[in-house]
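1. build me a model:
(one chain, ligands or ions: 1)
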Amino acid sequence: MLVALNQADELVTLRSHDQARQLFGQSFRCPACKGELRIKNGAQLIAHFAHKDNACNASSEPESETHLAGKWWLAKFGEQLGDQVALETYYPQIQQRADVVWEHHGRSRVLEFQCSGISPERLRVRTAGYQSLGLEVVWIAGPAYITRWPGGKQARFVQWSKNAGFHLWQLNPQSKVLTRLQLIGPAIVETDYRQGLPPQTRRREYIEPLASRAKAIQLALVHRAPAVMKLQAQASAQGRNLAGAPWLIHMQLRHLPGLDAPEWAMRAAWLLTFQAQPIKKAAEAAFWRQYSSVRAPQLPEGQLQSSIRRQWLEVLNHAGLLQETATGWQWLRVPQWYQTIDEKLQALGQARQG
Ligand SMILES: [Zn+2]
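-> Numbers count the residues shown, from 1 in each chain. Predicted coordinates for the structure are as follows:
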């Protein structure tokens, strides 16, 4: 912690090792739980306060050097942007302490810099707490959460806005870069923010050959992955082989993390559900409700599903397979299933030569 109450009940922000030396010997209390604090002023860590003996639940994580450095970085960056900045604002109504708050034209934005583990459920509860006070909250993933391509572990940080679409934030205090990652289908657009420099944007593509995607299903079948075996049972009942599922299930994926099944598997299940009949709107809508986005607690339930659904219907429409009717859709042509993975791969090769 960087902010504490002194004996006169005033808030004191610990800004330097020098200041910490001067304050040594005075007594301080936690603004949230009122527990006694001590000053930690070692050579390695940023000067900070720590609880003497009690644990404190106001913050979303225990203090660490990375977390301390990140809070200072965000405070300084907010000041450079011209915002009013407060460190560790405590909201007694919800018993939560925000890492950093930026205020601009009366609009407060809570920044939570998350370095240690936090469950999607806890993140959801803390987000709801801030929202109950009318505060916007932005979660920023720390180094432990930074990977090349966001997956299930990063889904808890994914949020959506009209301007940026699906995106998440990450901060590495060591390299002093705050990054926004926008997830837009086969690409990620990354915008880096450094103090005192203009933002820099670059684009990365998701590169995975179609053949590898198809082979991954075959491999999951060989390893008898439970979710895949369930789909395979459904396919077998219709005389089909999951490894030979139509190529369309791999194409133009949204690559959004946070749902409890891979995108290709949802598409395969969709085909197995609807391929043999005209598609009724109500049944189609109900289909997507079997999936949960509990791992992406900052998004309203159903938002990921509907984005993935929209993309899938577009792929089908684009391929000229469906025609919309008053009550749903009818098939113009049914996508082709293959007997085996080899036959499927062969068809891909032929399509490319043709
Ligand atoms: Zn406390």
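2. can you name the residue of the stretch 151-300 of the chain nearest to the ion?
-> Pro173 (23.1 Å; C-beta to the ion). No exception for glycine: its C-beta is placed from N, CA and C like everyone else's.
3. quick one: contacts for the residue of the stretch 101-250 of the chain at minimum distance from the ion?
-> At 15.8 Å from the ion, Arg126 is the closest residue in the stretch 101-250 of the chain, using C-beta to the ion. Contacts here follow C-beta atoms under 8 Å, 6 or more residues apart in numbering; on that basis Arg126 touches 60, 96, 112, 137.
4. one step back: does the residue of the stretch 151-300 of the chain closest to the ion touch Ala75 like I think?
-> No - applying C-beta atoms under 8 Å as the test, Pro173 and Ala75 come out as separate, 11.8 Å apart.
5. in terms of secondary structure, what does the lowest-mean-pLDDT helix or strand in the chain contact?
-> Here the helix or strand of the chain ranked lowest by mean pLDDT, DSSP states H and E is helix 341-353, holding a mean of 88. Where contact means 3 or more C-beta pairs under 8 Å, 6 or more residues apart in numbering; DSSP states H and E, helix 341-353 is packed against helix 210-222.
6. and the helix it packs on, what's its mean pLDDT?
-> Mean per-residue pLDDT for helix 210-222: 94.
7. need the next SSE after whichever strand or helix holds Trp139, C-terminal direction.
-> Using DSSP states H and E, Trp139 sits within strand 136-141. As assigned by DSSP H and E, the chain's next helix or strand after strand 136-141 is strand 159-161.
8. domains of the protein?
-> Domains of the chain are assigned by automatic domain parsing as 57-205, 210-353.
9. will you turn the ones you listed into a markdown table that also has distance to Asp9?
-> Compiled in a markdown table, the domains of the chain are given as follows (distance: least, C-beta to C-beta, whole Å):
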| stretch | distance to Asp9 |
| --- | --- |
| domain 57-205 | 13 |
| domain 210-353 | 35 |
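10. quick one: the helices in the stretch 1-150 of the chain?
-> 17-23, 65-80, 120-132 (DSSP state H, counting those that start in this stretch).
11. which of the ones you listed sits most buried?
-> Highest mean neighbour count of these: helix 65-80, a mean of 19 (counted as mean count of other C-beta atoms under 10 Å).
12. could you give the average pLDDT over that helix?
-> 96.
13. give me the angle between it and strand 136-141.
-> 140 degrees (axes from the mean of the first three to the mean of the last three C-alpha atoms, to 10 degrees).
14. can you name every helix or strand that helix 65-80 contacts?
-> On a contact count with 3+ C-beta pairs under 8 Å, 6+ apart, helix 65-80 meets strand 84-87, strand 100-104, strand 107-114, strand 165-172, strand 177-184.
15. now with 10 Å, please.
-> Packing partners of helix 65-80 (3 or more C-beta pairs under 10 Å, 6 or more residues apart in numbering; DSSP states H and E): strand 48-51, strand 84-87, strand 100-104, strand 107-114, strand 136-141, strand 165-172, strand 177-184.
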